[in-house]
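Prediction below, plus the sequence it came from.
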Amino acid sequence: MTARGWFLFSLMGVVWGIPYLMIKVAVDAVSPSTVVFTRCALGAVLLLPFALRQGGLVRTARAHWRPLLAFACTEIIVPWFTLSDAERHLSSSTAGLLIAGVPIVGVVVARFFGGTDRLGLRRAAGLTVGLAGVAVLTAPHLTGGDARSLAEVLATVVGYATAPLIAARHLKGVSSLQLTAACLALATVVYAPAAAVTGPSAMPSAEVLAALAGLGVVCTAIAFVAFLELIKEAGPARATVITYVNPAVAVAAGAVFLGEPLTPGVVTAFVLILAGSVLATAGPATGEPRTPDTAPTPEALAGAVDESG
């Protein structure tokens, strides 16, 4: 991989590892609806001019409105709210580690989408190991009144695992920039009423404003553009490896900036979930049938498109 590719890879590893920290800071002062609205609005304002400049945005939205709506709901509208609401009660590192299970759930969801790849012994082992990591991480919270928050993160994970499959099957011909801009604009409209009702009565602190700005500008607008460039530079297979870097950044950021404890349970869960993700999304072992290498598999896509928090 070129120096430019390594730069983009490193950038994405950080940019999509810090949303959990920023969400945690923001939801301590403003409602989850306000967080999602602000993030989507900033991203839409920055990306829409470029999407319109490409031409055909309205025509594309009309022609593909059903899968586009499904993608927006499963990738942004529902997951970003459930994740933000969950982080009112869960640490940012816990949320980041649970989201790392997206590739594992993606393998399972892909089976319901008619995936042709055999599960195989290696992937089955990956699913088992990854789920063991999730169990280690969630068990302490089940008796602490956080069951709802865990369910919300699970909903986020399922959404993140499903959306790329919708895009891979029904939105192949749609520009990624136009898809992202249209979905962010739609989410902005959806959350505008709730944000108006639940918005803060006083101006949030500079720290909260910085977190909101970072979510919209850095973790949404810039991140999507950089990720598309990374795919062009390194290819889709290598680009998906950021999936395994983001959780480490999320855990480290939570420990350094928020003082979240780095317990043996967290470390154990981190190792199990990451190892499970690598095994579950690995290509077929020698002797197992392969699918043509003409495009990233739905399982690989499920691990890539939104580790964005």
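Looks like it came in fine.

For the helix or strand where residue 157 lies, enumerate the helices and strands it packs against.
Using DSSP states H and E, residue 157 maps to helix 147-170. Applying 3 or more CB pairs under 8 Å, 6 or more residues apart in numbering; DSSP states H and E, one finds that helix 147-170 makes contact with helix 65-72, helix 79-86, helix 92-99, helix 102-112, helix 120-142, helix 298-302. Quick note: C-beta positions are derived from backbone N, CA and C, even for glycine.

so which of the ones you listed comes closest to residue 203?
Residue 203 lies closest, by CB to CB, to one member of the helices and strands packed on helix 147-170: helix 79-86, at 19.8 Å.

any idea how far residue 71 is from residue 198?
26 Å (CB to CB, to the nearest Å).

was I right about residue 97 contacting residue 267?
No - the pair residue 97 and residue 267 does not pass the contact test of CB atoms under 8 Å, sitting 10.1 Å apart.

start to end distance for stretch 199-210?
16 Å (CA to CA, to the nearest Å).

what do you get for stretch 210-219?
Span of stretch 210-219 from end to end, CA to CA: 12 Å.

coming back round to it: averaged over its residues, what pLDDT does the helix holding residue 157 have?
In this model, helix 147-170 carries a mean pLDDT of 89.

CA-only coordinates of it, as CSV, when you get a sec.
Taking Å, rounded to 0.1, in the frame of the first residue of the first chain, the C-alpha atoms of helix 147-170 are listed here in CSV:
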residue,chain,number,x,y,z
ALA,A,147,-30.4,-3.9,29.7
ARG,A,148,-32.3,-1.3,27.7
SER,A,149,-29.0,0.4,26.7
LEU,A,150,-27.5,-3.0,25.7
ALA,A,151,-30.6,-3.6,23.5
GLU,A,152,-30.2,-0.2,21.9
VAL,A,153,-26.6,-1.0,21.0
LEU,A,154,-27.7,-4.4,19.6
ALA,A,155,-30.2,-2.6,17.4
THR,A,156,-27.4,-0.3,16.2
VAL,A,157,-25.2,-3.3,15.4
VAL,A,158,-28.0,-5.0,13.5
GLY,A,159,-28.6,-1.8,11.5
TYR,A,160,-24.9,-1.3,10.7
ALA,A,161,-24.7,-5.0,9.6
THR,A,162,-27.8,-4.8,7.4
ALA,A,163,-27.4,-1.4,5.7
PRO,A,164,-24.3,-2.4,3.6
LEU,A,165,-26.1,-5.5,2.4
ILE,A,166,-28.9,-3.3,1.1
ALA,A,167,-26.4,-1.0,-0.6
ALA,A,168,-24.5,-3.9,-2.1
ARG,A,169,-27.7,-5.5,-3.6
HIS,A,170,-29.9,-2.6,-4.5
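
Show me the contact partners of whichever helix or strand comes after that helix.
Moving toward the C-terminus from helix 147-170, the next helix or strand (DSSP H and E) is helix 176-198. Helix 176-198 is contacted from outside by 31, 33-34, 36-38, 40-41, 43-44, 47-48, 50-51, 54, 56-57, 60-61, 68-69, 71-72, 75-77, 80-81, 167, 171, 220, 224-225, 228, using CB atoms under 8 Å, 6 or more residues apart in numbering.
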